[in-house]
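Undergrad: what's the 3D shape of this:
(3 chains)
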Amino acid sequence: MQEQLFSPKDPQVLKAEKLQIASRRKKDSSLKLLFIAATSIGILALILLLATILVDGLSSLTPDLFKNYPSRRAASSGLKSALVGTIYMVLIMVPISFLIGVGAAIFMQEYAKKGWITKIIQLNISTLAGVPSIVYGILGLTIFVRGLQLDRSLLSGALTMSLLVLPVIIVSAQEAIKAVPNTRRDASLALGATKWQTVQRAVLPSALPGILTGVILAVSRAIGETAPLVMIGALTYVAFLPDNVLDQFTVMPIQIYNWISKPQTEFHDLAAAGIIVLLVMLLVLNMIAVILRNRFQKNL
Amino acid sequence: MNVIQIDKLSVYYGDQQALNNINLGIPEKSITALIGPSGCGKSTLLRSINRMNDQVPLMKVKGDIVISGVSIYGKEVRTEMLRKRVGMVFQLPNPFPSSIYDNIAYGPRLHGTRKKKEIDEIVETSLRAAAVWDEVKDNLKQNSLSLSGGQQQRLCIARALAVNPDILLMDESTAALDPLSTQKIEELIKDLKKEYTIVMVTHNLAQAARVSDQTTFLLDGEVIEFAPTVDLFSTPVDQRTGNYVMGRFG
Amino acid sequence: MKQPLSNHPFNNRKLRIAEYTMPVLLFLCAFISVLTTIGIVYTLFSESISFFKEISMSEFFTGTKWAPLIAPTSFGVLPLLMGTFLVTIIAMLIALPIGLASAIYLSEYASARVKKVVKPVLEVLAGVPTIVYGYFALSFISPILQTLIPGAGLFSALSAGIAVGVMIIPMISSLSEDAMRAVPKSLRYGAYALGATRLEVALQVVLPAALSGVISSFVLAFSRAIGETMIVTIAAGATPQMTGNPLNSIQTMTSYIVQVSLGDTPHGSLAYGSIFAVGLTLFVITFFLNILASAIAKRFREAY
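TA: You can find the predicted model right below:
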């Protein structure tokens, strides 16, 4: 009965039409395959990357890796100082970048009047987000290491990283604050709250999980960054734990970089083991971020 | 003769039933209005006729619609071919962000018309048929988004006509327009009846009364009453129809 | 009778203090981000100016030999620029088609179930630190290239370029997908109702409508690839040279900066000054690319 689709038609015309549709459909399904193949390449790349690292690194992933300081001999080398350095750096960086970043976001969303100053600050924030991280290294080297004479210290590193992650925190905090419905602000103002009380008690609590998600993203970014810390001269051979913020230090990615740049393959395996540790840390952070994100969506 | 025969049609979105056992015969070259309160299923019914409902995930269909003796939910059916025969105009004008000319030419080009002269001709006849030619003939290269809402909607009607359909579906196509544009489009619809079978969903009862030949009143996914428009509005058989057309609920 | 302000029924001094001080404090926070930019620009310019007193701009920007550490020194930045662009172009050749194709797939074809799996994977890919990609390039991509292409070295622009390309795939695919998803559904319906296939809707309706958003994602990815440091430091080598051969070891602007800061180049020397001149060049290029990207993206937002 198909031939009658729909009004009586010249069978020749109908046949041509069917052929035309068939060829268009064929294009659709073959291009679909191509699109799927392209998407699979991304997934495949991730699998290959993880497989390479697991194959190379698993054998070196021993308790000794966490107990030992770096050493000339691969067998007794570990990343104790790097792991501790990374944790210390994050602990100093988070409060600094959190306060400044969230403060800036509150200003932009709640206080700033529309005008050229606001526009410039907003443009500035998005510009900063696109500055290559190595340029932050140059900045940290000039301002903190030499200018403020903080030397190649933990504090220099943490301050440089704070500036680097600032745009990440500001932008995500802005998004989180923007997502809080205006009805909540109105309700608070109508109860006689001042502007700041409203921000503090009605807006921020609702926005907090979203803000924290941004902070976690910032931390994930910071613990993987290598180039800026190479610039400010975080050392590659640190056989002690930093005592105070002005001590010299090293971090995980720098230790990994150091091992990669050695010619012996035993060191490469150590690097892979270090990468596994780094990736596990990132995975945990990401899981926390996902949980927070779900909480945030429920809160709104 | 009925060109569209809806046969025990039920439509589900996931677990939710949107249409329940619809039976309806729509005569050729006439205007049929689908009316009913929001959520009664009239848009779903309309979108079943050109299978635009296929776009909705988890949509399931039971029963069938037969157009000119062909089951449109049959395995053999290519939706592209179906939609070439059954055009649709949407609630909000949705011209592509390109020129007026390219908007009209889009359909014919899809379906294999390549010759510039042929397309020129189609563009003119379609725009004329949609009563918008005089307003745009000098600016065919102009971006269609710069037209007024009423002009955009007539452009969309012209775009639907350009693929030479037999049936035209209109989904509240004047709901977003001012009274003057609405009037123009109503006149256009009545004019188009000579060549096309038109099925329209409308919220505007007065419009249904003014324009259509027969009217279907739907409620909760079921056809309550289907009758010539004059009869349905003056002497409704079912009390619910009476209540609705008298404006007691809606 | 007027009441004194301190116990006015509609006035509370304590609250007022926060009302006045908080906006100022918050503004200062926002201003730190401006200070950062000023700091970057000031640092790069002031040190570069003293560098350009010794080495003329024309020598720097037109010189074809980069040998800052070995006498006779030469400071022509073109080899570094060329190395940077070689890696970036290889990366774009890989990331552009793959990123765009997966954006089309995710936005127009994939079911909600598939998206739920694929998008997080791409997010993970985007979150992998660049040092890891560097390791991947050196211990996976390079050895494969060496077996496939006789004469390929362990360090090559190709190996680094492929890794950078993989790194920026998620960026292109997610930004392009966002742009394509923002195209109103009604446009898609309009095309489907005329009998278009999915491919025709994707390529003739959605892609043109989202074009500026998609192009903006390319430009951003390009800028990101230019600024990428660790992958090229690890896998592209340290041989500044004017070459278009992807199998050669090269040096990029970023990896040069790392090389100098790793060594014990004395503060105040010409080589030390050169990292600021190179850094400034890098900053200016990425700055203009980012401005370009946001200008293009803005046009997209204006259309809808």
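
Undergrad: how much space separates the residue of chain B found nearest chain A from chain C?
TA: Among all residues of chain B, B:S68 sits closest to chain A, at 3.6 Å; criterion: CB to the nearest CB. Using the backbone N, CA and C atoms, a C-beta is placed for each residue, glycine as well. Relative to chain C, B:S68 is positioned 17 Å away (CB to the nearest CB, to the nearest Å).

Undergrad: backbone dihedrals for B:M200, both of them.
TA: Main-chain torsions, B:M200, degrees, to the nearest 10: phi -130, psi 140.

Undergrad: no, scratch that, I was asking about B:V86
TA: Dihedral angles (degrees, to the nearest 10) for B:V86: phi -120, psi 100.

Undergrad: now do the SS call for the closest residue to C:Y272 other than its chain neighbours.
TA: Computed as CB to CB, 6 or more residues apart in numbering or on different chains, the closest residue to C:Y272 that is not its neighbour in sequence is C:T265, at 5.0 Å. Three-state call for C:T265 (DSSP: H, G, I helix; E, B strand; the rest coil): coil.

Undergrad: for chain B, what spans make up the strands?
TA: B:2-13, B:16-27, B:31-35, B:59-67, B:70-71, B:86-89, B:167-171, B:197-201, B:214-219, B:222-228 (DSSP state E).

Undergrad: can I get those strands in CSV with mean pLDDT?
TA: What follows is the strands of chain B, written out as CSV (pLDDT from 0 to 100):
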stretch, mean pLDDT
strand B:2-13, 92
strand B:16-27, 93
strand B:31-35, 95
strand B:59-67, 92
strand B:70-71, 89
strand B:86-89, 92
strand B:167-171, 93
strand B:197-201, 95
strand B:214-219, 94
strand B:222-228, 94
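
Undergrad: so which of the ones you listed is nearest C:R181?
TA: C:R181 lies closest to strand B:59-67 among the strands of chain B, at 20.6 Å (CB to CB).

Undergrad: coming back round to it: now the strands of chain B in JSON lines, with mean neighbour count?
TA: What follows is these, written out as JSON lines (neighbours: other CB atoms under 10 Å in any protein chain shown):
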{"stretch": "strand B:2-13", "mean neighbour count": "18"}
{"stretch": "strand B:16-27", "mean neighbour count": "18"}
{"stretch": "strand B:31-35", "mean neighbour count": "26"}
{"stretch": "strand B:59-67", "mean neighbour count": "18"}
{"stretch": "strand B:70-71", "mean neighbour count": "17"}
{"stretch": "strand B:86-89", "mean neighbour count": "27"}
{"stretch": "strand B:167-171", "mean neighbour count": "25"}
{"stretch": "strand B:197-201", "mean neighbour count": "25"}
{"stretch": "strand B:214-219", "mean neighbour count": "24"}
{"stretch": "strand B:222-228", "mean neighbour count": "18"}
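
Undergrad: in JSON lines, list those along with distance to A:A234.
TA: Below are the strands of chain B laid out as JSON lines (distance: least, CB to CB, whole Å):
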{"stretch": "strand B:2-13", "distance to A:A234": "58"}
{"stretch": "strand B:16-27", "distance to A:A234": "59"}
{"stretch": "strand B:31-35", "distance to A:A234": "71"}
{"stretch": "strand B:59-67", "distance to A:A234": "58"}
{"stretch": "strand B:70-71", "distance to A:A234": "73"}
{"stretch": "strand B:86-89", "distance to A:A234": "64"}
{"stretch": "strand B:167-171", "distance to A:A234": "64"}
{"stretch": "strand B:197-201", "distance to A:A234": "68"}
{"stretch": "strand B:214-219", "distance to A:A234": "72"}
{"stretch": "strand B:222-228", "distance to A:A234": "73"}
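
Undergrad: re earlier: what count of nearby residues applies to the residue nearest to C:Y272?
TA: 18 (other CB atoms under 10 Å in any protein chain shown).

Undergrad: and it, its phi and psi?
TA: Dihedral angles for C:T265 - degrees, to the nearest 10 - are phi -70, psi 120.

Undergrad: A:S81 and A:L50, how far apart?
TA: 26 Å (CB to CB, to the nearest Å).

Undergrad: which one of those two has more residues nearby?
TA: A count of neighbours by other CB under 10 Å puts A:S81 above the other of A:S81 and A:L50, at 23 against 17.

Undergrad: I'd guessed that one sits against A:K67; true?
TA: No. At 11.1 Å, A:S81 and A:K67 do not qualify as touching, with contact defined as CB atoms under 8 Å.

Undergrad: show me what from the stretch 1-150 of chain C comes close to chain B.
TA: Proximity of the stretch 1-150 of chain C to chain B (CB under 8 Å from any CB of the partner chain) is limited to residues C:111-112.

Undergrad: distance from stretch C:266-286 to the middle of the chain?
TA: 19 Å (CA atoms, centre = their mean, to the nearest Å).

Undergrad: what residues does it touch?
TA: A:130-132, A:134-135, A:138, A:146, C:40-41, C:43-45, C:47-48, C:50-52, C:54-55, C:60, C:68-69, C:73, C:75, C:77, C:80-81, C:223, C:226-227, C:253-254, C:256-257, C:260-261, C:265 (CB atoms under 8 Å, 6 or more residues apart in numbering or on different chains).

Undergrad: how does it look with 6 Å?
TA: Residues from elsewhere that reach stretch C:266-286, judged by CB atoms under 6 Å, 6 or more residues apart in numbering or on different chains: A:132, A:135, A:138, C:44, C:47-48, C:51, C:54, C:68-69, C:223, C:226-227, C:253, C:256-257, C:260, C:265.

Undergrad: again with stretch C:205-219
TA: With CB under 6 Å, 6+ apart as the criterion, stretch C:205-219 contacts B:97, C:172, C:175-176, C:179-180, C:183, C:187, C:191, C:289, C:292-293, C:296-297, C:299-300.

Undergrad: identify the farthest-apart pair in the residues you listed.
TA: The widest separation within the contacts of stretch C:205-219 (CB to CB) is 33.3 Å, between C:A191 and C:L289.

Undergrad: neighbour-wise, which of the two wins?
TA: It is C:A191, of C:A191 and C:L289, that has more neighbours when counted by other CB under 10 Å, with 24 against 19.

Undergrad: check contacts around the more buried one.
TA: C:201, C:205.

Undergrad: just the pLDDT at it, thanks.
TA: Looking at C:A191, its pLDDT is 94.

Undergrad: quick check, central residue of the chain?
TA: Using chain A. A:R221 (3.7 Å; CA atoms, centre = their mean).

Undergrad: switch to chain B, that's the one I care about
TA: Short answer for chain B (CA atoms, centre = their mean): B:L169, at 1.5 Å.

Undergrad: name whatever forms a beta bridge with it.
TA: B:M88, B:V199 (DSSP bridges).

Undergrad: what residues does chain B have near chain C?
TA: B:80, B:83-84, B:88, B:94, B:97, B:107, B:110, B:163 (CB under 6 Å from any CB of the partner chain).

Undergrad: ok, now the stretch 101-250 of chain A?
TA: Close to chain C, as judged by CB under 6 Å from any CB, the stretch 101-250 of chain A has residues A:103-104, A:106-107, A:111, A:121, A:124-125, A:130, A:132, A:134-135, A:138-139, A:142-143, A:163, A:166, A:194, A:196, A:220, A:224, A:226-227, A:230-231.

Undergrad: so which of those sit within helices?
TA: A:103-104, A:106, A:121, A:124-125, A:134-135, A:138-139, A:163, A:166, A:196, A:220, A:224, A:227, A:230-231 (DSSP state H).
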